[in-house]
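K.L.:
Sequence unavailable; structure follows:
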Ligand code: NAP
């Protein structure tokens with residue numbers, strides 16, 4: 001098993017890409033902390049996954065809103081106390097946010113930045129402090145194809161994801177001498193609840209952006225996170241791994 005005995009936190013783990021990653025990494029032998037908002041289904045999902053995996057400590061739920069430094073610090077501290085270490089963190093919590101610049105309010109812009117960028121910073125700081133004490137670890141940050149490419153109507157989202165890609169590079173440089181790897185992933189459009197509420201025409205438009213001819217599946221992103229999390233990626237740090245059905249290939 002590729003993550004045997006590793007202790008891993010996934011933020012935003014009750015849905016979509018986060019939940020698929022929790023499931024995938026459980027199957028590879030990791031012990032999971034599924035973290036999400038207090039009012040999510042995370043607690044019930046974690047209980048069921050732990051039962052399936054055969055042990056209460058295989059999958060724990062710890063509520064955490066990544067906009068709160070206190071909650072993020074407590075998430076990492078409690079995970080380390082209950083599991084013994086924090087070997088992998090997938091910093092995945094995020095929200096969508098559409099709208100052209102002229103109609104984007106300060107409130108809407110700042111909310112996307114606070115969750116999708118500042119949240120990744122808070123999680124990275126807490127995770128790296130713990131991993132530095134251990135002298136090992138792997139942090140994977142969730143960016144997007146919009147981390148390096150623009151798209152009309154995504155001013156806040158693309159600003160946040162661009163920040164995640166470049167923050168990851170700096171963190172990788174700081175963390176390498178301490179035995180810790182830091183990478184980001186860049187999913188194309190993935191069929192998750194984040195895309196719900198879209199008209200069939202808009203959805204078809206997104207499909208056309210991907211040379212592979214469909215949207216991605218959450219487990220296809222989970223497979224990439226698994227690789228970066230595992231020791232198979234022992235010489236990979238500072239990378240931005242696209243999982244995008246060829247979306248970015250013609251735009252370089
Ligand atoms: P999702 O199904 O909506 O999952 C995101 C999870 O994060 C949800 O459970 C959400 O809770 C939670 N969350 C929201 N705000 C939070 C906060 N402040 N603190 C903690 N958790 C919070 O979306 P997804 O598609 O799997 O997205 C996961 C990540 O992939 C995001 O970073 C997203 O930007 C990125 N991504 C997605 C796509 C895509 O096409 N789906 C493409 C590229 C990148 P609620 O459901 O209550 O909001």
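P.N.:
Perfect, thanks for sending it. Remember, predicted model here, so these are calculated numbers, not experimental data. Residues are numbered from 1 along each chain as shown.
K.L.:
Which positions in the stretch 51-200 of the chain make contact with the ligand?
P.N.:
Listed as neighbours of the ligand in the stretch 51-200 of the chain under the rule Cβ under 6 Å from any ligand atom: 65-67, 92-95, 115-116, 142, 144, 187, 189-190, 192-195. All C-beta atoms are positioned from the backbone trio N, CA, C, and that covers glycine.
K.L.:
Write the PyMOL selection for whichever of those are buried.
P.N.:
Typed into PyMOL, the next command selects the buried ones out of these (criterion: 16 or more other Cβ atoms under 10 Å):
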select buried, resi 65+66+92+93+94+115+116+142+144+187+189+190+192+194
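K.L.:
Chain neighbours aside, what residue packs nearest to residue 5?
P.N.:
Computed as Cβ to Cβ, 6 or more residues apart in numbering, the closest residue to residue 5 that is not its neighbour in sequence is residue 29, at 6.4 Å.
K.L.:
now do residue 229
P.N.:
Residue 229's closest residue in space is residue 88 (Cβ to Cβ, 6+ apart), at 4.4 Å.
K.L.:
now the helices for the stretch 1-150 of the chain?
P.N.:
Under the criterion DSSP state H, counting those that start in this stretch, helices of the stretch 1-150 of the chain are mapped to 16-27, 42-53, 69-83, 106-113, 119-134.
K.L.:
Any stretches of the stretch 51-200 of the chain with poor pLDDT?
P.N.:
Across the stretch 51-200 of the chain, not a single residue meets the criterion (pLDDT under 70).
K.L.:
So what's the residue count around residue 15?
P.N.:
Using other Cβ atoms under 10 Å, residue 15 is surrounded by 20 other residues.
K.L.:
got the contact list for whichever helix or strand residue 201 is part of?
P.N.:
According to DSSP states H and E, residue 201 maps onto helix 200-208. Residues from elsewhere that reach helix 200-208, judged by Cβ atoms under 8 Å, 6 or more residues apart in numbering: 189, 195, 198, 213-215.
K.L.:
If we use 10 Å, what do you get?
P.N.:
If you take Cβ atoms under 10 Å, 6 or more residues apart in numbering as the criterion, helix 200-208 is touched by 98, 188-189, 191, 195, 198-199, 213-215, 245, 247.
K.L.:
what helices or strands is the next helix or strand after it leaning on?
P.N.:
Sequence-wise, the next helix or strand downstream of helix 200-208 (DSSP H and E) is helix 218-229. Taking 3 or more Cβ pairs under 10 Å, 6 or more residues apart in numbering; DSSP states H and E as the contact definition, the neighbouring helices and strands of helix 218-229 are strand 7-10, helix 16-27, strand 88-91, strand 137-142, strand 180-187, strand 240-243.
K.L.:
Make JSON lines out of those and add distance to residue 58.
P.N.:
Output for these, formatted as JSON lines (distance: least, Cβ to Cβ, whole Å):
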{"stretch": "strand 7-10", "distance to residue 58": "10"}
{"stretch": "helix 16-27", "distance to residue 58": "6"}
{"stretch": "strand 88-91", "distance to residue 58": "15"}
{"stretch": "strand 137-142", "distance to residue 58": "19"}
{"stretch": "strand 180-187", "distance to residue 58": "24"}
{"stretch": "strand 240-243", "distance to residue 58": "26"}
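K.L.:
These: which one's closest to residue 33?
P.N.:
strand 7-10 (4.4 Å; Cβ to Cβ).
K.L.:
Now do that closest one: which elements does it pack against?
P.N.:
For strand 7-10, the helices and strands in contact under the criterion 3+ Cβ pairs under 10 Å, 6+ apart are helix 16-27, strand 31-36, strand 59-63, helix 69-83, strand 88-91, helix 119-134, strand 137-142, helix 218-229.
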